[in-house]
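Asker: Just a sequence and a predicted model for now, questions to come.
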Amino acid sequence: MTASDLWHLVFGRLGLQSLPFWDMIQHPTPSHIINGIIATGAAAVVVIGALVTVFLITKYRKWGVLWSDWLTSVDHKKIGIMYIVLAFVMLARALIEALLIRTQQADGLNGGFLSADHFAQLFSTHGTIMIFFMAMPFLIGLINFVMPQQIGARDVSFPMMNSISLGLTAAGAALVMVSLVLGKFETGGWTAYPPYTEAAFNPGPGVDYWIWAIALSSIGTTMTGINFAVTIYKKRAPGMTLFRMPLFTWTALCTAILMIFAMPPLTAVSLMLALDRYLDFHFFTNGMGGNMMNFANLFWLFGHPEVYILILPAFGVYSEVFSTFSGKRLYGYTSLVYATMAIAVLSFTVWLHHFFTMGQSANINAVFGLLTMIIGIPTGVKIYDWLLTMYQGRVRFTVPLIYALAFSVLFVLGGLSGVLLANPSIDFQVHNSLFLVAHFHNMLIPGLLFGMLAGYHFWFPKAFGFRLDERWGRLSAYLWISGFILAFFPLYALGLMGMTRRTVSYFDPAYTPWMLVAEVGALVLTAALTTLVIQLIVSIRERKANAVPVGDPWDGRSLEWAIAAPSPEWNFPVIPTVTDRDPFAVAKAQHTAYQSPPAYEDITLPTNSAMGMIICVVGGLLGFALVWHMWWLAILSALAVPVAVIAKSFDTRTEKVIPAAEVRQQHQAWLAQARQETPISRQLETSPDNHGLADNTIAEAST
Amino acid sequence: MKSGSRAHCHRGKTVRRIAVTILTLLALSVLYDDAWALPVSSFLEPAGPVAAAQKNHFIWVTLITLIVVLPAIILTPYLAWRYRYGAKKVAYKPKWAFSWLFEILIWGVPTIIVLILSVPLWNSTHQLDPYHPLASTQKPLHIEVIGLDWKWLFIYPDEGIATVGEMAVPVGRPIALDLTTDTVMQSFWIPALGGQIYAMPGMRTKLQLLADRPGQFRGLNSQFNGMGFEHQQFLTVSLKDDAFKNWVQQVKSRGIPLNTGRYGTLNKQSTRAESFAALGTPAMPQDILYFSSVPPNFFQQVIARYRSGHPLPPGDQPGTKAHGGHSTPSPNGKTGLGT
């Protein structure tokens, strides 16, 4: 056996050529050097970032805390927070990629500075990350943190499975990060359409990185969907009927159901592509009966419900935000619930509109076009429900409400372009163009991202016990809003001028001025993320002044505001009984909030589990080994999963008991603090006087 | 302090000048798209009945949908400001949460608008169906299109010619296109004439177009297919009848026969300019290939090869590296539009 054979046995197809600076050394032309420096710089950021993190944790001796309080925790609140941290890290990377894409195209008339290959990796990772590793972790994190508290539960139904879901998502994200350092990522866009992604055309590791990142995270998300749905069905507090659930919980339920049914087609389609690539199957190949149209169908059978998986939780956030910051009941609750359900059901009936141009008959196209337009009805209803919530309310322009207002104005414009795209005859002219790119960013940025950021500002005090800085928050919101407008409205025009998506350069000088405006927008969006980071630092520094320990900084309406901030590990010392739709608002109005329960009982909580971390590491290694054809490692890590599951099944210490005395002591201390505080009028809501006890006498007086 | 403010003022001027320049360019790019003498590349400047109908449909759907969109855009800031926290003398009804009147309005109006829009949606989808022959007294001109990495091959079976990079069509006569690819999936699109349609290996899709005025229009592939994707553009030239006949003669006299060997060169991964360098002759226009004859049933054979039931190793699949695809084309390399 030669040294080279041994190398291949151990490291598979990993080699020097997998390093980001190898091309640059082999072909030292200016273009290779520029692209090499960018790729190496990005890899260095990943490696140095990881090393600095490890160093800091070691220096401050935080490994123990990190392990026992966070990584192995099965507390839904901590898992939710970790999901959101992951979302922010991935947002930073994908936003920088977007800036590079915009900068390249701003100079696209002259060919720009990026190679076609580098550019293709950028738009592919940008899309893959934003959807699967920014948007999904953000909304899953938010639901994880909020939903059990809204329904009066102490945790989700399957806490350890929750931790495993996070582990699988993190493993997928890690694979995408590793692809920056070793090898290249896929180049066929986030949808990875074959036959371009088949082994015949793209034999390298890029597509495999995509496959395993998607497969891992989609399995994690399916389990999340099951977990959320079961939690909402089974763990609601007594008296909380389905039609008393807060709207955010309703959207969480619909999203969970969509996840259960929509993620498996994605898992299947990514694994089918893997079978084609690894074992010479012919699902989507050019010859031997393969058919890439089946990939498009399966992918969008996931992909369209996915759009609503992304948007519904944001709709939930907006429902809470409009109602809370208008000091008013949500208008048209029943209407909103039915609209949400209608959207969820209809979302499974429209997938074909992603490929009207594939050559099917006009009847099929027309039916799917009509169904697509019909989704516009419940969506429009929702917008007007929120506007009517402000009607005869008392609207406070806090950061979440600013996002909500911007959403309301901008989202309907995205709806307009959506109705246009729903018409097959129009779609034939804008499909694959920047008009489409503008449309879905118009839905996802004001819709999903603004919603998530509104939720982040809204519930941050509940998670950490202090408010986020209001001034930086406003600045950041204005930057996100104006940056979005500048970056994406020009793309509508460019699409109508016939410019396609995913083009590294172009020949038409008329595109350049629009591209320059979009470039300014990308810079403003980068500034927006920067201000968000500054806001976090400033807020942590001023956490004492902005503390809201009593836990109700916004005069909230649902159960999560009825407990301390940060929430106790067990959320509710005594599970509340619900008699109304806005239980906490009603309790405050009837002066039944902040009362001692007649008795306290022992609370049983799940113990920590390392399973989530084990699955994360083993799953990540399995993916990595398969990408690089390190068969020994693939077999070992694949075997490790059942071994870990079986070993865990022998563990009988899965629950811990918090004695009633400890619960009483903590709860009484908090109640005492609540009695001491002065209730704060909404005028002082964003001032340091706000300690989380709301004065709601105005709301009472005017009823 | 003074100098600082002057510097600030100066910077302000520069920013203003840049802003004015960009705005001027934006206005120019809309109003004078022809200013750069490039082929038309938007259905908003239609050159045929299909694109004209699409433009018309686009405008009407926009206007009708604005009926629900505009009120939301106006009401959002209006309601937020009118019912702002500090506002005096406005009603505050924190428990008001339902009204049948509003319910009927917010469900009813969008429903009616969707009902209204569904009629043109249904009709236009059928009328503009890319498979639906266009109404005309003339017999359609048949063109067979093969998508390659990264150029399109146009076969005129009745004329017995083929071209790469230039597709000429007679004004006023329907064009019936049959499309496939001999590589990965692509999407064929001539915005000024009509919509796009996917082209896929081993399959045939169809597209009907008609140019109703002479002119030059940009055609392209809109589906990303590798590192020369942005080069896969071509010129559509619509010519009056005589000029078209003349063009066919030109292709015949200036072209070379298309045979298996030349096709084997053409279907390797390469930009049009690279193919021209390999196959072009001085008699042909720059970066445009003319083929004076085409083997019979050429298009059908390209499709049939993928349907034989026999394995196709990567070396037998055009568009793969194993088939002789080369490494990434020069990143800043450009192919002109063949103007």
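Answerer: Looks like it arrived, so ask away. Numbering: from 1, shown residues only, chains lettered A, B, ... in the order given.

Asker: show me the contacts for residue 132.
Answerer: Just going to use chain A. Each residue near A:Phe132 by Cβ atoms under 8 Å, 6 or more residues apart in numbering or on different chains is listed here: A:172, A:213-214, A:217-218. The C-beta positions use only the backbone N, C-alpha and C, and glycine is treated the same way.

Asker: I was after chain B.
Answerer: Counting by Cβ under 8 Å, 6+ apart, B:His132 has contacts A:362, B:126, B:208.

Asker: For it, give me the backbone phi and psi.
Answerer: phi -80, psi 120 (degrees, to the nearest 10).

Asker: can you tell me how far it sits from B:Ser118?
Answerer: Remark: distance between B:His132 and B:Ser118 (Cβ to Cβ, to the nearest Å) = 19 Å.

Asker: and what of A:Pro513?
Answerer: For A:Pro513, the distance to B:Ser118 - Cβ to Cβ - is 38 Å.

Asker: next one: A:Leu621
Answerer: Going from A:Leu621 to B:Ser118 by Cβ to Cβ gives 52 Å.

Asker: Equivalent analysis for B:Thr181, please.
Answerer: Going from B:Thr181 to B:Ser118 by Cβ to Cβ gives 34 Å.

Asker: quick one: which of the two has more around it?
Answerer: When B:Thr181 is set against B:Ser118 and neighbours are counted by other Cβ atoms under 10 Å in any protein chain shown, the residue ahead is B:Thr181, at 34 against 16.

Asker: tell me the phi and psi of the more buried one?
Answerer: phi -130, psi 160.

Asker: if we can go back for a sec, and which of the contacts of A:Phe132 is nearest to chain B?
Answerer: Chain B lies nearest to A:Ile214 out of the contacts of A:Phe132, by Cβ to the nearest Cβ, at 18.2 Å.

Asker: Let me see the contact set for the nearest residue to that closest one once chain neighbours are set aside.
Answerer: Excluding the flanking residues, the one nearest A:Ile214 by Cβ to Cβ, 6 or more residues apart in numbering or on different chains is A:Ser270, at 4.5 Å. Contacts for A:Ser270 (Cβ under 8 Å, 6+ apart) come out as A:210-211, A:214-215, A:218.

Asker: Now the helix or strand where A:Ser270 lies: buried residues?
Answerer: Per DSSP states H and E: A:Ser270 is located in helix A:247-279. Across helix A:247-279, burial judged by 16 or more other Cβ atoms under 10 Å in any protein chain shown covers A:247-267, A:269-274, A:276-277.

Asker: Show me which residues of the next helix or strand after that helix are buried.
Answerer: Next along the chain after helix A:247-279, taking DSSP H and E as the criterion, comes helix A:292-325. By neighbour count on 16+ other Cβ under 10 Å, the buried set for helix A:292-325 is A:292-293, A:295-325.

Asker: likewise stretch B:86-106?
Answerer: Going by 16+ other Cβ under 10 Å, stretch B:86-106 has these buried residues: B:92, B:94, B:96-97, B:102-103, B:106.

Asker: which residue ranges form the strands in the stretch 101-250 of chain A?
Answerer: For the stretch 101-250 of chain A, applying DSSP state E, counting those that start in this stretch gives no strands.

Asker: In it, what residue comes closest to chain B?
Answerer: Taking Cβ to the nearest Cβ, the stretch 101-250 of chain A has A:Gly111 as its residue nearest chain B, at 3.3 Å.

Asker: how close does the nearest residue to A:Gly12 once chain neighbours are set aside sit to chain B?
Answerer: By the measure of Cβ to Cβ, 6+ apart, the closest residue to A:Gly12 outside its immediate chain neighbours is A:His629, 3.6 Å from it. Distance, A:His629 to chain B, using Cβ to the nearest Cβ, to the nearest Å: 17 Å.

Asker: So what's the predicted local confidence for A:His629?
Answerer: pLDDT for A:His629: 96.

Asker: Name the SS class of the nearest residue to A:Ser433 once chain neighbours are set aside, please.
Answerer: In this structure, A:Ser433 finds its nearest non-sequential neighbour in A:Gly495, 3.9 Å apart by Cβ to Cβ, 6+ apart. Look at A:Gly495: counting by DSSP: H, G, I helix; E, B strand; the rest coil, its state is helix.

Asker: Which parts of the stretch 351-500 of chain A are strands?
Answerer: According to DSSP E, counting those that start in this stretch, the stretch 351-500 of chain A carries no segments that qualify as strands.
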